[in-house]
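K.L.:
this is the structure alone, sequence omitted:
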Ligand code: SF4
């Protein structure tokens with residue numbers, strides 16, 4: 001593997017665009033109002049009504065690890081699914097439901113629709129987006145690709161259908177390293193978008209030559225290496241598990257770096273009794289289920305006095321609620337639509353991802 005400069009991140013956007021991006025993210029964040037907390041009685045009533053509706057509409061809930069524990073439990077109890085975005089995509093495509101109710105963020109609903117064009121795809125809210133998706137608008141991204149025609153375009157799943165349609169490959173964090181390693185071995189130069197931290201991590205691990213788009217996840221970017229170092233001193237026996245969307249300084253301190261599913265597996269398999277976890281707190285529900293008796297501690301973020309977004313909780317994932325899920329299922333509201341032609345184009349790199357993932361499965 002050739003030596004590379006690990007600190008190099010090729011910024012492809014000018015300052016003006018970064019400011020425009022952060023304003024756009026802020027505008028969407030202002031609309032990300034968390035749902036009120038329902039009483040135990042209301043929750044029970046919603047659960048009962050949702051179960052009936054799921055049956056009547058032959059629908060299934062496909063939920064991400066980061067959404068509320070109530071939604072995760074309901075998905076599993078009713079034969080639906082909880083997983084990372086790759087597994088959600090696969091499950092949605094393969095199940096025989098007529099309606100998929102995707103509890104997550106917008107790009108997950110779009111991916112489900114692209115892979116299952118004949119199914120109705122609903123979401124609890126269409127306002128739930130992602131800072132990575134917002135910071136990678138198709139026009140600028142397309143110009144960037146055009147300026148580097150000799151590069152293979154690999155995009156993260158956290159992108160719009162239009163950006164996926166412009167790509168050669170789509171990946172999730174669970175297969176990003178393997179795929180780029182594979183492409184690099186074939187001598188390909190990689191253009192990567194949108195997460196700069198994940199891109200830089202893949203570049204470090206694989207030694208691949210990569211051009212990186214400059215965007216970040218507003219949740220993972222808030223994890224701080226300095227605070228983490230202090231916390232490790234407090235819990236010297238704890239293993240640090242980190243998602244690769246976290247900054248390089250945090251990843252350097254991690255005992256394990258991986259996707260959400262890989263983090264859950266590591267928590268189960270590592271002998272440690274304590275873990276410091278650098279990813280969205282929504283995952284703690286599954287961690288506690290899969291590794292009972294072990295203790296999980298949230299990795300430090302910007303800390304006291306910081307904005308509420310630095311609480312290791314994605315504001316957009318947090319918009320998914322039992323009530324909205326119920327309303328969407330009852331009225332058929334919040335249906336996800338993807339232009340047919342665009343969907344067909346986006347299907348090509350998505351299918352490559354699924355085929356690649358299937359071939360590397362043990
Ligand atoms: S946690 Fe980060 S990457 Fe995931 S949906 Fe929220 S903003 Fe996007």
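P.N.:
In hand now; what should we look at? Everything numeric in this text was worked out from a predicted model, so none of it was measured. Numbers count the residues shown, from 1 in each chain.
K.L.:
okay, CA-based contacts and neighbour counts for the rest of this
P.N.:
Will do.
K.L.:
how about the residues of the chain near the ligand?
P.N.:
105, 130-132, 217-219, 314, 316 (CA under 6 Å from any ligand atom).
K.L.:
looking at it, residue 357 is touching residue 175, isn't it?
P.N.:
Yes - counting by CA atoms under 8 Å, residue 357 touches residue 175, with 6.9 Å between them.
K.L.:
what's the separation between the residue of the stretch 151-300 of the chain found nearest the ligand and residue 29?
P.N.:
Residue nearest to the ligand within the stretch 151-300 of the chain (CA to the nearest ligand atom): residue 217, separated by 4.1 Å. Distance, residue 217 to residue 29, using CA to CA, to the nearest Å: 13 Å.
K.L.:
which residue is most remote from the mean position of this structure?
P.N.:
residue 41 (31.6 Å; CA atoms, centre = their mean).
K.L.:
show me what the helix or strand hosting that one is packed up against.
P.N.:
Assigning secondary structure by DSSP states H and E places residue 41 in helix 40-56. In terms of contacts (3 or more CA pairs under 8 Å, 6 or more residues apart in numbering; DSSP states H and E), helix 40-56 is packed against helix 322-331.
K.L.:
now with 10 Å, please.
P.N.:
strand 59-64, helix 69-77, strand 99-103, helix 322-331 (3 or more CA pairs under 10 Å, 6 or more residues apart in numbering; DSSP states H and E).
K.L.:
and stretch 257-268, what's buried?
P.N.:
Neighbour counts over stretch 257-268 (16 or more other CA atoms under 10 Å) mark 257-264, 266-268 as buried.
K.L.:
state the pLDDT value of residue 360.
P.N.:
Predicted confidence (pLDDT) for residue 360: 77.
K.L.:
who touches it in this structure?
P.N.:
By CA atoms under 10 Å, 6 or more residues apart in numbering, residue 360 lies in contact with 175, 178-179.
K.L.:
helix, strand or coil for residue 124?
P.N.:
coil (DSSP: H, G, I helix; E, B strand; the rest coil).
K.L.:
just to check, it is in contact with residue 316?
P.N.:
No - the criterion here is CA atoms under 10 Å, and residue 124 misses it with residue 316 at 11.2 Å.
K.L.:
residues that sit against both of the two, list them.
P.N.:
With CA under 10 Å, 6+ apart, residue 124 and residue 316 have common neighbours 104-105.
K.L.:
apart from its neighbours in sequence, what residue is nearest the closest residue to the ligand within the stretch 251-362 of the chain?
P.N.:
Per CA to the nearest ligand atom, the residue of the stretch 251-362 of the chain with the smallest distance to the ligand is residue 314, at 4.5 Å. What sits nearest to residue 314 in space, not counting adjacent residues and going by CA to CA, 6 or more residues apart in numbering, is residue 219, at 5.9 Å.
K.L.:
and the one you found, how far from residue 47?
P.N.:
29 Å.
K.L.:
if I look at the residue farthest from the centre of the chain, how far off is the ligand?
P.N.:
29 Å (CA to the nearest ligand atom, to the nearest Å).
K.L.:
ok, residue 116 next?
P.N.:
With CA to the nearest ligand atom as the criterion, residue 116 and the ligand are 21 Å apart.
K.L.:
can you list the buried residues in stretch 282-301?
P.N.:
Buried, per 16+ other CA under 10 Å, within stretch 282-301: 282-288, 291, 294-301.
K.L.:
among those, which ones are in strands?
P.N.:
For the buried residues of stretch 282-301, the ones inside strands are 295-298, with DSSP state E as the criterion.
K.L.:
got a markdown table for those, with pLDDT too?
P.N.:
Listed next are those as a markdown table, based on pLDDT from 0 to 100:
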| residue | pLDDT |
| --- | --- |
| 295 | 97 |
| 296 | 97 |
| 297 | 95 |
| 298 | 94 |
